[in-house]
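Asks: with the sequence up front, the predicted model follows.
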Amino acid sequence: MAEVIRMPKMSDTMEEGVIASWLKKEGDEVSSGDVLAEVETDKATMELESYQDGVLLHIGVKEKESVPVDGILAVIGEKGEDYKHLLEEASNGQPEENNMEEAKEEKSEKKSTEKIDTSNINATVVRMPKMSDTMEEGVIASWLKKKGDKVEAGDILAEVETDKATMELEAYEDGILLYTAVEAGNGVAVDGIIAIIGEEGADYEALLKAEDQKDEEPAKEEKKEEKTETSSSPASTSSSSSQPSQTTTSSNGRVKASPLAKKIASDKGIDLSQVNGSGPDGRVVKADVENFTPSQAQEKAKDVSQPSISIPKVVGEEKSEKVELSQMRKVIAKRLSDSKFAAPHFYLTMEINMDKAIEARKSMNEIAPVKISFNDMVIKAAAAALRQHPDVNVSWHGDHMMKHQHIHMGVAVAIPEGLIVPVVRFADSKSLSHISAEARELAQKAKDKKLQPEEFSGNTFTISNLGMFGIEEFTAIINPPDACIMAVGGIKETVVVKDGEMYAGNVMKVTLSCDHRAVDGAVGSAFLKTFKELLEDPVRILI
């Protein structure tokens, strides 16, 4: 009997997998234990095995496509068996993408037949322009025109407060201010409707309904190939019916003028610095440029006491490219965001004298079967300290905590795709040589994406070491469900004061990040104190 093959959950953090490659094709005979495909998860590339004999009747996903956990991958059954009803049954209770798309298209077609004709409406919608590269919405600080007022091109409609400055919103056409969408003090998203300008008596309500229709229409061909974006100024991204003008001072040599005044001046070849401004704070507006005479330039020149400075124009091109997120990067972003915003972090930093640890490592490496690193000593010392302070060796699970009797040390490893945390299990019971060999093997497997689930799950405490990059001190985000993570900096030679005397010594800073829901400050501090004592007298680690 045919059976549907679904995407298994191959790690505790996995939400979807990517079919890296199919090792079987439709029509192939498969036996239980055969590898059907290679699946790329957020942790490693793993093999998808068949658990039954039969023929691969159907493959539902192409290579390089992602599938959520429990999503349909394939169907295995007897040769010639009808399997389509299984796909239909498997989809019951889940919205089918094709059906949803068809429904959207039908809805769109229906709406398109009911579109409101706005061709005869002599009015224009004024939208919120994007006045800075980081702007997402603007707040109407004040309206300088009110509904029913007559406005001309160049008039200031309102003052808009953005994330960068308070700027002026200027009209670019003549007419009556028929409609204002928001009151002063309220925000409007970029490209949102601010007002409508048009002929007196124009049916602006029909125009608003037409705009609502546009907003409800499903976006089509949304994922077209994106081209490299070139430099774009706030003026080029704003609405055609309105343009921002930033209120500035002239102390830096810049002329305060509205965009329309600048445009007219440019067309007429007029130097704006010679035009007397009649707007607020001496701002040059449209009427000033139109009424400008050469005599004004002579009068203005008399008032100029500062020599003009010619600033060379720097020509360049802004260029960016879109980078698709890997499965690993998606999960890292989600888990660490959840941890940072959900877990109330607090941090404890301690300085450790590493002079004796340096001497001990040198002595141990003379006889050790593998080279022992300072990170290996940190892992061993942390595991020994956890054995003495079991209240730190805990995990937070929302409505309860797990207090672990075993000590599994997670060791953060950087790989090109992101960060992964292999686990040294029962670290407190292993020798330094054992920890060193195992940590090296796990790190290599992580870089080769060959870790098995049991090798990157189950940690009860995590260590992140950036000392090899020259980082002296940093804080790390807790790796859930752990309650703590320890950030380890590099060893630095510095002046050490002891018993009132100064001498050259080697120190290392560590910072313990704690989830305050599970670990209190005194508990974390006691653990760090023991950890410090063990590294400052490494013989105690071995006892």
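Replies: Great, that's in hand.
Asks: center of the protein, which residue is that?
Replies: Nearest residue to the geometric centre of the chain (CA atoms, centre = their mean): residue 333, 6.8 Å.
Asks: that one and residue 327 touch, don't they?
Replies: No - look at residue 333 against residue 327 with CB atoms under 8 Å: they stay out of range, at 11.0 Å. For glycine as for every other residue, the C-beta is placed from the backbone atoms N, C-alpha and C.
Asks: all helices of the protein, in order?
Replies: 84-91, 97-113, 204-216, 234-237, 259-268, 286-290, 294-303, 327-342, 355-365, 374-388, 432-447, 521-536 (DSSP state H).
Asks: and the longest one, average pLDDT?
Replies: Taken as a whole, helix 97-113 has a mean pLDDT of 47.
Asks: so where is this protein shaky, pLDDT-wise?
Replies: 12, 91-119, 132-134, 163-164, 215-254, 258-259, 280-281, 295-308 (pLDDT under 70).
Asks: how about 50 then?
Replies: Flagging of the chain using pLDDT under 50 yields the residue ranges 93-104, 107, 110-113, 218-252.
Asks: can you tell me which of the helices of the chain is most buried?
Replies: helix 374-388 (a mean of 23; mean count of other CB atoms under 10 Å).
Asks: what residues does that helix touch?
Replies: In this structure, residues lying in contact with helix 374-388 by CB atoms under 8 Å, 6 or more residues apart in numbering are 354, 357, 360-361, 392-393, 407, 409, 411, 424, 427-428, 430, 432, 435-436, 439, 460-461, 463, 465, 467, 486, 488, 491, 508, 510, 527, 530-531, 534-535, 538, 540-541.
Asks: ok, now stretch 513-525?
Replies: Under the contact criterion CB under 8 Å, 6+ apart, stretch 513-525 has outside partners 343-348, 389, 391-392, 394-396, 401, 475-478, 482-487, 512.
Asks: just put the helices of the chain in JSON lines and tack on distance to residue 3.
Replies: What follows is the helices of the chain, written out as JSON lines (distance: least, CB to CB, whole Å):
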{"stretch": "helix 84-91", "distance to residue 3": "8"}
{"stretch": "helix 97-113", "distance to residue 3": "23"}
{"stretch": "helix 204-216", "distance to residue 3": "42"}
{"stretch": "helix 234-237", "distance to residue 3": "54"}
{"stretch": "helix 259-268", "distance to residue 3": "67"}
{"stretch": "helix 286-290", "distance to residue 3": "75"}
{"stretch": "helix 294-303", "distance to residue 3": "87"}
{"stretch": "helix 327-342", "distance to residue 3": "26"}
{"stretch": "helix 355-365", "distance to residue 3": "55"}
{"stretch": "helix 374-388", "distance to residue 3": "44"}
{"stretch": "helix 432-447", "distance to residue 3": "32"}
{"stretch": "helix 521-536", "distance to residue 3": "50"}
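Asks: how about the ones you listed, which one is nearest residue 139?
Replies: Across those, residue 139 has its closest neighbour in helix 234-237 (16.6 Å, CB to CB).
Asks: name the nearest residue to residue 262, sequence neighbours excluded.
Replies: residue 272 (6.6 Å; CB to CB, 6 or more residues apart in numbering).
Asks: could you do residue 493 as well?
Replies: In space, residue 493 is closest to residue 506, 5.4 Å off (CB to CB, 6+ apart).
Asks: over to residue 71?
Replies: When the adjacent residues along the chain are set aside, residue 71 lies closest to residue 7, with 4.8 Å between them (CB to CB, 6+ apart).
Asks: that neighbour contacts residue 70, correct?
Replies: Yes - with contacts counted by CB under 8 Å, residue 7 reaches residue 70, the gap being 6.2 Å.
Asks: ok, the two, which is more surrounded?
Replies: Higher neighbour count among residue 7 and residue 70: residue 7, with 23 against 12, using other CB atoms under 10 Å.
Asks: mind listing what the more buried one touches?
Replies: Neighbouring residues of residue 7 by CB under 8 Å, 6+ apart: 16, 17, 39, 67, 68, 69, 70, 71, 73.
Asks: farthest pair in the residues you listed?
Replies: Largest separation among these by CB to CB: 39 and 70, giving 13.4 Å.
Asks: quick one: buried residues of stretch 388-405?
Replies: Neighbour counts over stretch 388-405 (16 or more other CB atoms under 10 Å) mark 389, 391, 392, 393, 394, 395, 396, 401, 404 as buried.
Asks: in space, what's closest to the residue nearest to the centre of the chain - neighbours in sequence excluded?
Replies: Nearest residue to residue 333 in three dimensions, chain neighbours excluded: residue 325, at 7.4 Å (CB to CB, 6+ apart).
Asks: repeat for residue 538
Replies: Closest residue in space to residue 538, ignoring its immediate chain neighbours: residue 360 at 4.0 Å, by CB to CB, 6+ apart.
Asks: gap between that neighbour and residue 380?
Replies: 11 Å (CB to CB, to the nearest Å).
Asks: swap in residue 185?
Replies: In terms of CB to CB, residue 185 sits 61 Å off from residue 380.
Asks: mind listing what the closest residue to residue 278 other than its chain neighbours touches?
Replies: Among residues not flanking residue 278 along the chain, residue 288 sits closest, at 5.4 Å (CB to CB, 6+ apart). By CB under 8 Å, 6+ apart, residue 288 lies in contact with 261, 275, 276, 277, 278, 279.
Asks: restricted to buried residues, select these in ChimeraX.
Replies: Applying 16+ other CB under 10 Å to the contacts of residue 288, the buried members can be selected in ChimeraX as follows:
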select :261,275,277,279
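Asks: and the furthest pair within the contacts of residue 288?
Replies: Taking CB to CB, the two most distant members of these are 261 and 276; they sit 11.9 Å apart.
Asks: quick check: neighbours shared by those two?
Replies: Counting by CB under 8 Å, 6+ apart, the shared contacts of residue 261 and residue 276 are 284, 288.
Asks: quick one: residue 539 and residue 363 touch, right?
Replies: No - if you go by CB under 8 Å, residue 539 and residue 363 don't touch, sitting 10.4 Å apart.
Asks: which residue ranges of the stretch 51-200 of the chain form strands?
Replies: Under the criterion DSSP state E, counting those that start in this stretch, the stretch 51-200 of the chain contains strands at 54-59, 66-68, 72-77, 123-127, 137-143, 150-151, 156-161, 166-171, 175-180, 187-189, 193-198.
Asks: out of those, which one sits most buried?
Replies: strand 193-198 (a mean of 24).
Asks: that strand packs against which elements?
Replies: Helices and strands touching strand 193-198, by 3 or more CB pairs under 8 Å, 6 or more residues apart in numbering; DSSP states H and E, are strand 123-127, strand 156-161, strand 175-180, helix 204-216.
Asks: one more time with 10 Å, if that's ok
Replies: If contacts are counted by 3 or more CB pairs under 10 Å, 6 or more residues apart in numbering; DSSP states H and E, strand 193-198 sits against strand 123-127, strand 137-143, strand 150-151, strand 156-161, strand 166-171, strand 175-180, helix 204-216, strand 242-246.
Asks: quick one on the thing from earlier: filter the contacts of stretch 513-525 down to the ones in strands?
Replies: Of the positions in the contacts of stretch 513-525, 345-348, 394-396, 401, 484-487, 512 sit in strands, assigned by DSSP state E.
Asks: now do the closest residue to residue 402 other than its chain neighbours against residue 261, distance only.
Replies: Distance criterion CB to CB, 6+ apart; nearest residue to residue 402, sequence neighbours excluded, is residue 395 at 4.4 Å. Distance, residue 395 to residue 261, using CB to CB: 65 Å.
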